[in-house]
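J.: Provided below are the primary sequence and the corresponding predicted coordinates.
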Amino acid sequence: MIEVSLIIPTYNSERTIERTINSVINQTYKSIEIILIDNGSTDDTLQIIGEYTKKYKNIELYNTPNGRSIARNKGLKKAKGKYIKFLDADDELELDDIEKSVEFLQKNDDFFAVATGVTLVNDVDKTKTRKNVEILYGSLSLLGSNPFRINGVTFKNTDNLVFFEENLDSCEDWLFWYRNLKNKKVKILRENFSAIVHITGRNSSKSLDNLLIHQIYVRSLIKKEDKRTNLKLKFHDLKLAIQYELLNTTMFKKDIEEGFKYNIFLSKILLRTPLSNVLKKKLQLKQKKNIYKTL
């Protein structure tokens, strides 16, 4: 029986897919199936994968319409392993990652998942940064932020997994982790950094604004499903509401205003005070630094 299903969505990944697949093939733990889901590549991705499927019986290729969530859901439906892990087509796994995760889960059956940090590699300047799991809001951390990288969690394959929201093109992993891990025991192996995540460049301010809007939207969905909160999370929600007002967008307007009703009311008041200029400068600074720290 296959122990681990490794799900990899691909799209025009000819430059990196060999590195990604090889990092799985070379794992110290061998009971793995590799499920590749292609989103309509027009480069040589399929030809490269085809060479692997000819050589390795544990590698399967499927096709889906465009969309990471659609691809990952297809992989979840095809997965036969006892455990599941995701990997992006431009990243790679440390060679002993699967072995360490499976070893823990096999010895601790009451745990649903294992989570680790990742190593971020800037492919432009070649710098490396280790990023650990961040617990920002205590026991409610999954409600207010996404502490887990998509490549950093190994979890049990069960019949009641909640699939990815296919209409989301950003922050879909946060909603997936929240719905599947919220009431489960998750072991954080802080000494382990399971995946190597390659950063290829800087995003535009427009794409970063889009990311922030999706973060606010996903938080609004979670607020509807789970009313729990604490003081730190309340301040976090107020910051999100202020940022939403400053972005002046109509994306997800109905859901966000319903989920953040009282926060938006308060943020409108604050933005009519002298604090308004300070808050605007903070948002502009985040855009200039090319990073949002709302999560």
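T.: Alright, I've got the coordinates.

J.: okay, residue 103 and residue 1: tell me how far apart.
T.: Residue 103 sits 17 Å away from residue 1, going by C-beta to C-beta, to the nearest Å. All C-beta atoms are positioned from the backbone trio N, CA, C, and that covers glycine.

J.: how long is stretch 27-45 from one end to the other?
T.: Distance between the two ends of stretch 27-45: 22 Å, counting by C-alpha to C-alpha, to the nearest Å.

J.: ok, now how distant is residue 221 from residue 215?
T.: From residue 221 to residue 215 the distance is 11 Å (C-beta to C-beta).

J.: more neighbours: residue 103 and residue 1, which one.
T.: Neighbours were counted for residue 103 and for residue 1 using other C-beta atoms under 10 Å; residue 103 has more, 13 against 6.

J.: okay, and that one sits in which element?
T.: Assigned by DSSP states H and E, residue 103 belongs to helix 97-107.

J.: likewise residue 219?
T.: helix 205-225.

J.: packing partners for that helix?
T.: Under the contact definition 3 or more C-beta pairs under 8 Å, 6 or more residues apart in numbering; DSSP states H and E, helix 205-225 sits against helix 141-144, helix 172-181, helix 231-247, helix 253-259, helix 275-289.

J.: select, out of these, the one closest to residue 207.
T.: Smallest distance to residue 207 across the helices and strands packed on helix 205-225 (C-beta to C-beta): 10.9 Å, for helix 275-289.

J.: how about whichever strand or helix holds residue 269: buried residues?
T.: Per DSSP H and E, residue 269 falls inside helix 261-270. By neighbour count on 16 or more other C-beta atoms under 10 Å, the buried set for helix 261-270 is 263-264, 267, 270.

J.: who touches it?
T.: With contacts defined as C-beta atoms under 8 Å, 6 or more residues apart in numbering, helix 261-270 is touched by 237-238, 240-242, 244-245, 256-257, 276, 279.

J.: and of those, the nearest to residue 88?
T.: Closest to residue 88 out of the contacts of helix 261-270 is residue 240 (26.3 Å), distances taken as C-beta to C-beta.

J.: pull the contacting residues for that closest one.
T.: Residues near residue 240 by C-beta under 8 Å, 6+ apart: 215-216, 219, 260, 263, 294.
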